[in-house]
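K.L.:
output the structure for:
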Amino acid sequence: MDNYYDEIAEGYEELHKDEQLEKVALISKYLKPKPDDLLLDVGCGTGLTTKPWKCKKIGLDPAIKLLRKAGPGIWVNAEAEHMPFKDKTFDIVISITAIQNFHDIEKGLNEIKRVGKGRYTVSFLKAANMRVQIEHYINKIFEVKQVIEEKKDLIFVI
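P.N.:
Below is the predicted model:
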């Protein structure tokens, strides 16, 4: 998948900006970061889902060409399954419409839990081939507070 996103990096925001910002707006009704909170956005792409949050933030993505388009900020080129952070580093961890692209979904979700302190919001495409497995892993690894069905995504507030 990394090569795919590197290939579409030039037009990524044109393709996905509006729908991703709609998801952020919806999630912001449930997720209220404080200015001093440190947020990690796993699968941040060009930072569309990272930049709107009013707190300290870091974006992580395996597609270097997407990160190059993100502009000012802290961007880490890495996969969800191998995050270069210590345990319990982040007050909040989000991953919006990225889980279906993880190479190892269970390992990526466990990494999200490992680096977070207990506040998570994750989503994935409802049309994902691995939908049943993704839902299983999310429910196995996290204590889900709420599931929101958005147009294209299932959003899990944890």
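K.L.:
now the closest residue to Asn110 other than its chain neighbours. Its backbone dihedrals?
P.N.:
Distances taken as CB to CB, 6 or more residues apart in numbering place Ile141 nearest to Asn110, at 6.1 Å, with adjacent residues excluded. C-beta: built from backbone N, CA, C; applies to glycine. Main-chain dihedrals, Ile141, degrees, to the nearest 10: phi -90, psi -30.
K.L.:
neighbours of Ile141, how many?
P.N.:
For Ile141, the neighbour count with other CB atoms under 10 Å is 17.
K.L.:
quick one: residues contacting it.
P.N.:
Neighbouring residues of Ile141 by CB atoms under 8 Å, 6 or more residues apart in numbering: Glu106, Leu109, Asn110, Lys113.
K.L.:
swap in 7 Å and give it another go.
P.N.:
Neighbour list for Ile141: Leu109, Asn110, Lys113 [criterion: CB atoms under 7 Å, 6 or more residues apart in numbering].
K.L.:
again with Val24
P.N.:
Neighbours of Val24 in contact, by CB under 7 Å, 6+ apart: Thr49, Pro52.
K.L.:
if we can go back for a sec, how much space between the residue nearest to Asn110 and Ile112?
P.N.:
8 Å (CB to CB, to the nearest Å).
K.L.:
tell me who's in contact with the residue nearest to the spatial centre of the chain.
P.N.:
Ranked by distance to the mean C-alpha position of the chain (CA atoms, centre = their mean), the top residue is Ser95 at 1.5 Å. Ser95 makes contact with Val42, Gly43, Ile112, Val122, according to CB under 7 Å, 6+ apart.
K.L.:
okay, now the second one: neighbour count?
P.N.:
This points to Gly43. Count around Gly43 with other CB under 10 Å applied: 28.
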